[in-house]
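>>> quick one: sequence and predicted model below, then my questions.
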Amino acid sequence: MDTMQAVVFHAPHDVRVEELPRPEVEEPGDVLLKVDLAAICGTDLHPYSGRMEMEEGATLGHEYLGTIEAKGEGVTEFEEGERAVGSFFVACGKCWFCRRGLYMKCMMIRVFGMGFVLGDLNGAQAQYVRVPEADLTLRKLPEDGFDDEEMLFVGDILTTGYDAVRKTDFRPGDVVHESVAARDGCNNPAATCGVVNDLGEARGTFGARLA
């Protein structure tokens, strides 16, 4: 059996690089992606720091891009050898919410690398990752104009921030008070507020943590 290296969670503050079986295409809609680049998200730090329970042996990571190594017979949008960036979650594409484009509310949503409770999908901090529902989960990388480091943000950080702003219902011409600095992310907001204040980009700052 072919093997690969992957980042494996064992316990809070105990994460190891280990040799694991390489995943394979299991369903017609699957893609086997050779991971070219992956990131550490603030969400990955929740189980690492002990703020979120996760079973031992889970492979971490849900921000990734790479090259398609193999695909199932049901995949129509991609060919082997093409490069793609992936969403941090997998939606079924068939339920009431998915049919209306509300993929984050999918009844069968699964998140890469977040353990059994969030869908039991192995993560992408590995040399290979199996991507279910690939036609919906992946997007082709442009051949030029963007670096991999820039495109890596598309699958989680950029889209999460965009969705948050979209839900505020800001319109062209609206005025946002110049003393307000907003951030999207999972780490220490007070630290970010301090940086913003030091840069002189906001007259007053405050931080809030949601437990």
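Looks like it arrived, so ask away.
>>> tell me where the chain is predicted with low confidence.
Residues of the chain that meet the criterion pLDDT under 70 lie in 1, 177-211.
>>> where along it do the helices fall?
Counting by DSSP state H, the chain has helices at residues 45-49, 96-99, 134-137, 148-151, 157-167, 189-199.
>>> residue 35 and residue 126 touch, don't they?
Yes - counting by Cβ atoms under 8 Å, residue 126 is a contact partner of residue 35 at 6.2 Å. For glycine as for every other residue, the C-beta is placed from the backbone atoms N, C-alpha and C.
>>> looking at those two, which one has more neighbours?
Shown here are residue 35 and residue 126; by other Cβ atoms under 10 Å, residue 126 has more neighbours (27 against 21).
>>> for the more buried one, give me its contacts.
4, 5, 6, 7, 20, 35, 38, 59, 61 (Cβ atoms under 8 Å, 6 or more residues apart in numbering).
>>> okay, now the closest residue to the last one other than its chain neighbours: neighbour count?
Pointing back at residue 61 there. Nearest residue to residue 61, sequence neighbours excluded (Cβ to Cβ, 6 or more residues apart in numbering): residue 125, at 3.1 Å. Look at residue 125: counted by other Cβ under 10 Å, it has 27 neighbours.
>>> ok, now residue 131?
Residue 131, neighbours per other Cβ under 10 Å, totals 29.
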